[in-house]
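**Q** Dropping a prediction and its sequence here:
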Amino acid sequence: MSRKGKVLVAMSGGIDSTVTALMLHHEGYEVVGITMKTWDYAASGTGAKGKKETGCCNLDSFNDARAAAVEHGFPHYILDIRDEFGDFVIDNFVDEYLNGRTPNPCVLCNTHIKWRALLKRADAMNCDFIATGHYAKVHQHENGRHFISKGVDETKDQSYVLWGLQQDLLQRTLLPLGGYRKTEIRQMALDYGYPELAKKAESYEICFVPDNDYRGFLKRRVDGLEERVNGGNFVNKEGKVLGQHKGYPFYTIGQRKGLDITFGKPVFVTEIVPETNTVVLGDEEDLNKTEMKVGKINLLKYDTITPGMEAITKIRYKDKGTLSNLFPNADGTVTVRFYEDAKGIAPGQSAVFYEGDEVIGGGIIMRQPVL
């Protein structure tokens with residue numbers, strides 16, 4: 001047994017997770033690699049029969065992960081969690097769009113499926129830790145709580161997608177890449193003898209929507225959806241009918257292109273009302289909000305939010321964040337009041353609260369209809 005302990009490393013076959021495993025191996029940890037099969041075309045109903053699987057469910061990636069493990073002398077396993085993934089992540093993805101929200105399935109998958117699956121298998125294999133190739137850091141506060149902070153590489157930082165990790169997961173998690181830049185990780189791949197891995201393209205699409213056509217996915221997944229929702233009204237913020245749309249689930253807050261309606265000026269989707277199959281259009285400034293409500297709160301750095309606590313709140317992955325005050329509500333939600341307008345707040349997306357580079361916590365933006 002290694003003095004540093006035994007660690008179960010999630011290996012997708014990509015550069016980040018492979019370098020994570022090799023780095024820990026060379027640092028003296030007893031490494032066990034595991035590759036999780038989360039999805040396939042047949043199970044998801046994408047209609048892409050015969051098309052090569054991509055991303056984390058690619059046979060080539062499985063082989064790449066296993067080859068690296070074999071070459072460096074540590075065990076590797078493939079774990080099929082398609083049932084767990086499909087029932088929870090894909091069903092939630094569909095339900096969110098049908099409820100007028102814009103989901104973030106990768107956040108849900110990371111925090112509720114992958115980490116839980118890792119911890120369960122880590123316990124079964126007597127592993128002390130679990131590790132992934134995310135660009136973020138884990139710390140322990142003087143109050144005893146574990147929390148996430150931003151990675152050194154601002155362009156790759158993934159702290160935003162990890163706000164949902166609970167304390168029992170964080171205290172067992174290693175994130176070795178948080179202290180490095182992507183360029184350094186590519187150089188490490190070269191140094192370890194993997195030039196092809198160093199040049200390997202990264203995948204950014206949702207794994208079960210590999211063509212990035214979420215509308216087509218919804219149509220295939222929900223029988224009769226197109227017929228049920230086609231022909232709803234576009235309206236302005238006063239409720240005046242402006243035209244007909246193709247169905248509220250096929251639009252997202254802030255959308256400007258693909259509306260198939262013209263006014264001689266840019267218009268944007270500012271609200272989605274599933275109850276009446278209505279899509280509200282407005283000017284760009286109508287996307288500006290000074291307040292929002294956030295539910296499904298998970299706190300990291302502190303166990304409570306004091307009324308008026310100041311935080312930088314990010315409302316999407318690439319958002320720079322906006323200075324705000326946080327106000328906890330009796331029902332467990334948090335009201336966020338921004339110091340300046342926040343643009344394009346989309347219900348269903350994650351809101352993450354930062355104190356400097358450190359994650360206080362986060363939650364899911366709630367829908368508050370204007371009509």
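**A** That came through fine.

**Q** For the chain, give the strand that spans the most residues.
**A** Longest strand in the chain by number of residues (criterion: DSSP state E): strand 288-299.

**Q** Buried residues of stretch 276-295, list them for me.
**A** The neighbour-count check on stretch 276-295 (16 or more other CB atoms under 10 Å) flags 277-282, 286-287, 289, 292-295 as buried. Yep, even glycine has a C-beta here, placed from its N, CA and C like the rest.

**Q** Pick out whichever of the residues you listed sits closest to residue 144.
**A** residue 294 (24.9 Å; CB to CB).

**Q** Surely that closest one touches residue 331?
**A** No - the criterion here is CB atoms under 8 Å, and residue 294 misses it with residue 331 at 11.6 Å.

**Q** Extract the residue ranges of the stretch 151-300 of the chain that are flagged as low pLDDT.
**A** 203-205 (pLDDT under 70).

**Q** Do you know the pLDDT at residue 113?
**A** Per-residue pLDDT puts residue 113 at 86.

**Q** and it, that one's in a strand?
**A** No - going by DSSP: H, G, I helix; E, B strand; the rest coil, the assignment for residue 113 is helix, not a strand.

**Q** Check the contact between it and residue 83; I expect there is one.
**A** No - between residue 113 and residue 83 there is no contact under CB under 8 Å: 10.6 Å.

**Q** Who has more neighbours out of the two?
**A** When neighbours are counted by other CB atoms under 10 Å, residue 113 comes out ahead of the other of residue 113 and residue 83, with 20 against 9.

**Q** do you know how far the more buried one is from residue 89?
**A** 6 Å (CB to CB, to the nearest Å).

**Q** list residues touching both of those two?
**A** Applying CB atoms under 8 Å, 6 or more residues apart in numbering, one finds that residue 113 and residue 89 are jointly contacted by residue 38.

**Q** Could you point out the helix or strand that follows the longest strand of the chain?
**A** Using DSSP states H and E, the next helix or strand after strand 288-299 towards the C-terminus is strand 309-314.

**Q** what lines up beside that following strand in the sheet?
**A** Using DSSP bridges, the strands paired with strand 309-314 in its sheet are strand 322-328 (antiparallel), strand 350-355 (antiparallel).

**Q** For residue 21, which of the ones you listed is the nearest?
**A** strand 350-355 (27.5 Å).

**Q** So which elements touch the helix or strand following that closest one?
**A** The helix or strand immediately downstream of strand 350-355 is strand 358-365, counting by DSSP H and E. If contacts are counted by 3 or more CB pairs under 8 Å, 6 or more residues apart in numbering; DSSP states H and E, strand 358-365 sits against strand 146-150, strand 288-299, strand 350-355.

**Q** Go ahead and name everything in contact with the helix or strand just after the first one.
**A** In other words, strand 146-150. As assigned by DSSP H and E, the chain's next helix or strand after strand 146-150 is helix 167-170. The contact list for helix 167-170 (CB under 8 Å, 6+ apart) reads 111, 115-116, 119, 130, 138, 145-148, 300.

**Q** Out of those, the closest to residue 220 would be?
**A** Distance to residue 220, by CB to CB, is smallest for residue 111 among the contacts of helix 167-170, at 26.7 Å.

**Q** just to revisit the earlier point, save the buried residues of stretch 276-295 as TSV, and put in distance to residue 95 too.
**A** Below are the buried residues of stretch 276-295 laid out as TSV (distance: CB to CB, whole Å):
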residue	distance to residue 95
277	17
278	19
279	19
280	21
281	25
282	26
286	27
287	25
289	24
292	21
293	19
294	19
295	15
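
**Q** So which of these is the closest to residue 28?
**A** residue 294 (41.6 Å).

**Q** can you tell me how far that closest one sits from residue 92?
**A** Taking CB to CB, one finds residue 294 at 17 Å from residue 92.

**Q** cool, and residue 71?
**A** Separation of residue 71 from residue 92 (CB to CB) stands at 38 Å.

**Q** more crowded one of the two?
**A** Neighbours per residue, other CB under 10 Å: of residue 71 and residue 92, the larger number sits with residue 92, 17 against 12.
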